[in-house]
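Asks: model this:
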Amino acid sequence: MKAPLFIAALCVCITVASGQSESDSIQKYQDQLKENPSDSLAHYLLAEISFQQKNYQKAANEFRESLNGNLQPRWVEVWSHLGLAKIFELSGQHDRAVNEYRLAGRTHDNSRGAQEVVTAHLKQENMASDNTDELQTTFPAAFRLGLTPLGPEPTHKTEPDYSEEARAAGLEGTVFVSLAIGLDGTPGDLRVKSPLGLGLDEKALDAVTQWRFTAAAQGAQGVSALVAVNFLLSSKLSRWHLVGAWFQPPEGASRPVFLTEPYPLGAGISNKAIDEGQVIAAIHRSATVTLQFDIDDSGMPANFQVLAASAPVWGDEAIAVVRNWRFAPGVKEDGEAVIVPCTLDLVWGQKIWTPESLAQMRKAMSSAARSDEQVVVRPNDAPRPPKIKSIYEIEDSTPRSPYSVVLSVIIGEDGVPTNLNLIRTLGPEYSLTAIVAVLRSQFKPPVLNGTPVPGPALIEVDF
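Replies: Numbers count the residues shown, from 1 in each chain. Next up is the predicted model:
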């Protein structure tokens, strides 16, 4: 679907009054929300304006507020889900986009052809529109970067401390930190390259600050290194491990805080998963699940959705574990508790991880995820100005650069690209930058018998 058409569809049957500026409209809807904070329509219209302004984070927050409101008129529910799906597509968050299309399908609301949009996108995922419970079998986002330490080994290491919340949540994994080694062997310019959250990123930086390395060569301008800081619980009694946690609080609200997270002892699974668990244990592998749910205003998890699982049985097993967890709910500035979406990456396998076993699991999962999703991570902090490097025929699918975003498009007879789809990404920030650059560009269209005609092409955006 063309991006302008999608934006038009989001408007459904509500349009901004003729001659009314966006700023006037924003003020109008904000005034309505002061009178009625649960006005879903006002939140939806603010989301629509933010989407057109390409302020996707604010648009996503407003779509979520619309879903948390009074859901009047009825169509705002399905189109808020579709709005979130489009934003996740633009930012390269494939699994979350598919999940929003499924949620839109479950409303069974076909206002302005909403279900046709759902069907078209789910069919692209080889899923029938009436089978929205089918799972994606991918790997947790926490393992997809596939980073490995680079540069000299430290001559002195200080082990990191655990934050109280991360220990209570049982969060384990690796924080990668980039740094420059000075002439005296001290680290500087420390930056987190792959975060874990819950206070562990700060703990990792505190620890690496105290590390020491072989002094850089005289005259060297800071030797670069990438170091791994592992957070492992040596007294683990459960086979379940939390390896990633993300929250999406509404704008101006705090995120929930982990309070009690009881992990089951022993095998920690039901009889339905015993056979699968025995096979996994025998070959020294792990089961993986990416779980999305809401944390309600009392701190209880609800509305579970399994975004990905290494096998369908593990989704139900993970829900059974997390259902017993409790949180301090997210709150707005005025102290009102709010519903906050949460996404968790969970792994079932051996009880105690070592740095070596964690590195092996990360390497295996990131390789599989990268071959499956064609994700490449460029070792930069943020995208440089993109350079649209080449356009080539759809049959030639070999990118020229290992550090580029590749999109399939239809070049119109006027040279304007439409029907953009990501073929290869470098992560959400790069994908969004590439999409915006391509949408702002005009290209030479294919020519048939001397006349410009629409045609498919691949575009490579090099950073």
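
Asks: give me the number of residues near Phe258?
Replies: Phe258: 21 surrounding residues under other Cβ atoms under 10 Å. Glycine gets a C-beta too; all of them are placed from N, C-alpha and C.

Asks: Quick check: which element contains the nearest residue to Asp161 once chain neighbours are set aside?
Replies: What sits nearest to Asp161 in space, not counting adjacent residues and going by Cβ to Cβ, 6 or more residues apart in numbering, is Lys203, at 5.3 Å. Using DSSP states H and E, Lys203 sits in helix 200-209.

Asks: Equivalent analysis for Phe63, please.
Replies: helix 56-67.

Asks: Mind giving me the packing neighbours of the helix or strand following that helix?
Replies: Remark: after helix 56-67, the chain's next helix or strand is helix 75-90, criterion DSSP H and E. Here helix 75-90 touches helix 3-11, helix 40-52, helix 56-67, helix 94-106, helix 114-124, helix 428-439, going by 3 or more Cβ pairs under 8 Å, 6 or more residues apart in numbering; DSSP states H and E.

Asks: Could you report the neighbour count for the closest residue to Tyr56 other than its chain neighbours?
Replies: For Tyr56, ignoring the flanking residues on the chain, the nearest one in space by Cβ to Cβ, 6+ apart is Ile87 at 4.9 Å. Ile87: 22 surrounding residues under other Cβ under 10 Å.

Asks: for Ile295, what are its contacts?
Replies: Phe247, Pro256, Pro301, Ala302, Phe327, Pro329, Gly330, Ile339, Val340, Pro341, Cys342 (Cβ atoms under 8 Å, 6 or more residues apart in numbering).

Asks: Look up how far Gly330 lies from it.
Replies: 7 Å (Cβ to Cβ, to the nearest Å).

Asks: Would you mind listing the residues touching both of the two?
Replies: Contacts common to Ile295 and Gly330, judged by Cβ under 8 Å, 6+ apart, are Phe247, Pro256, Ile339, Val340.

Asks: Could you export the residues you listed as CSV, including neighbour count?
Replies: Below are those laid out as CSV (neighbours: other Cβ atoms under 10 Å):
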residue, neighbour count
Phe247, 17
Pro256, 24
Ile339, 21
Val340, 24
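
Asks: which SS class is the residue lying closest to Arg64 once chain neighbours are set aside?
Replies: Closest residue in space to Arg64, ignoring its immediate chain neighbours: Pro250 at 6.1 Å, by Cβ to Cβ, 6+ apart. Look at Pro250: counting by DSSP: H, G, I helix; E, B strand; the rest coil, its state is coil.

Asks: which stretches of the stretch 101-250 of the chain form strands?
Replies: 173-181, 187-194, 223-231, 240-247 (DSSP state E, counting those that start in this stretch).

Asks: rewinding a little: restricted to strands, list the shared contacts of Ile295 and Gly330.
Replies: The strands, defined by DSSP state E, take in Phe247, Val340 from the shared contacts of Ile295 and Gly330.

Asks: Could I get the shared contacts of Ile295 and Gly330 in a markdown table, plus columns for pLDDT and distance to Gly69?
Replies: Listed next are those as a markdown table, based on pLDDT from 0 to 100; distance: Cβ to Cβ, whole Å:
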| residue | pLDDT | distance to Gly69 |
| --- | --- | --- |
| Phe247 | 87 | 20 |
| Pro256 | 93 | 20 |
| Ile339 | 90 | 11 |
| Val340 | 89 | 15 |
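
Asks: Which member of the shared contacts of Ile295 and Gly330 is positioned nearest His284?
Replies: The shortest gap between His284 and any of the shared contacts of Ile295 and Gly330 belongs to Phe247, at 32.6 Å (Cβ to Cβ).

Asks: For that closest one, give me its contacts.
Replies: Per Cβ under 8 Å, 6+ apart, neighbours of Phe247: Arg255, Pro256, Ile295, Gly330, Val340, Pro341, Cys342, Thr343.

Asks: how about the second one, what does it touch?
Replies: The reference is to Pro256. Pro256 is in contact with Phe247, Pro249, Ile295, Gly299, Phe327, Ala328, Pro329, Gly330, Val340, Cys342, counting by Cβ under 8 Å, 6+ apart.

Asks: Now it. Nearest residue, chain neighbours left out?
Replies: Phe327 (4.1 Å).

Asks: Tell me, what's the model's pLDDT at Ile394?
Replies: pLDDT for Ile394: 39.

Asks: Could you do Pro4 as well?
Replies: With respect to pLDDT, Pro4 has a value of 36.

Asks: Could you do the one 10 residues further on as well?
Replies: Listed pLDDT for Ile14 reads 38.

Asks: Please apply the same query to Gly222.
Replies: On the pLDDT scale, Gly222 gets 58.

Asks: swap in Lys389?
Replies: Value for Lys389, per-residue pLDDT: 54.

Asks: Now do the buried residues in stretch 98-116.
Replies: By neighbour count with 16 or more other Cβ atoms under 10 Å, stretch 98-116 contains the buried residues 98-105, 107, 109, 111-112, 114-115.

Asks: Then stretch 74-91?
Replies: Within stretch 74-91, judged by 16+ other Cβ under 10 Å, the buried ones are 75-91.

Asks: Please save the CA atoms from it in PDB.
Replies: Listed next in PDB are the C-alpha coordinates belonging to stretch 74-91 (Å, rounded to 0.1, in the frame of the first residue of the first chain):
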ATOM      1  CA  ARG A  74     -15.800   1.900  17.500                       C
ATOM      2  CA  TRP A  75     -13.400   2.100  14.600                       C
ATOM      3  CA  VAL A  76     -10.600   3.800  16.600                       C
ATOM      4  CA  GLU A  77      -9.700   0.400  18.000                       C
ATOM      5  CA  VAL A  78      -8.900  -1.300  14.700                       C
ATOM      6  CA  TRP A  79      -7.200   1.700  13.200                       C
ATOM      7  CA  SER A  80      -5.100   2.400  16.200                       C
ATOM      8  CA  HIS A  81      -3.700  -1.100  16.000                       C
ATOM      9  CA  LEU A  82      -3.100  -0.600  12.300                       C
ATOM     10  CA  GLY A  83      -1.400   2.700  13.000                       C
ATOM     11  CA  LEU A  84       1.000   1.000  15.500                       C
ATOM     12  CA  ALA A  85       1.600  -1.700  13.000                       C
ATOM     13  CA  LYS A  86       2.700   0.800  10.300                       C
ATOM     14  CA  ILE A  87       5.000   2.600  12.800                       C
ATOM     15  CA  PHE A  88       6.600  -0.800  13.800                       C
ATOM     16  CA  GLU A  89       7.100  -1.600  10.100                       C
ATOM     17  CA  LEU A  90       8.800   1.800   9.400                       C
ATOM     18  CA  SER A  91      11.100   1.200  12.400                       C
END
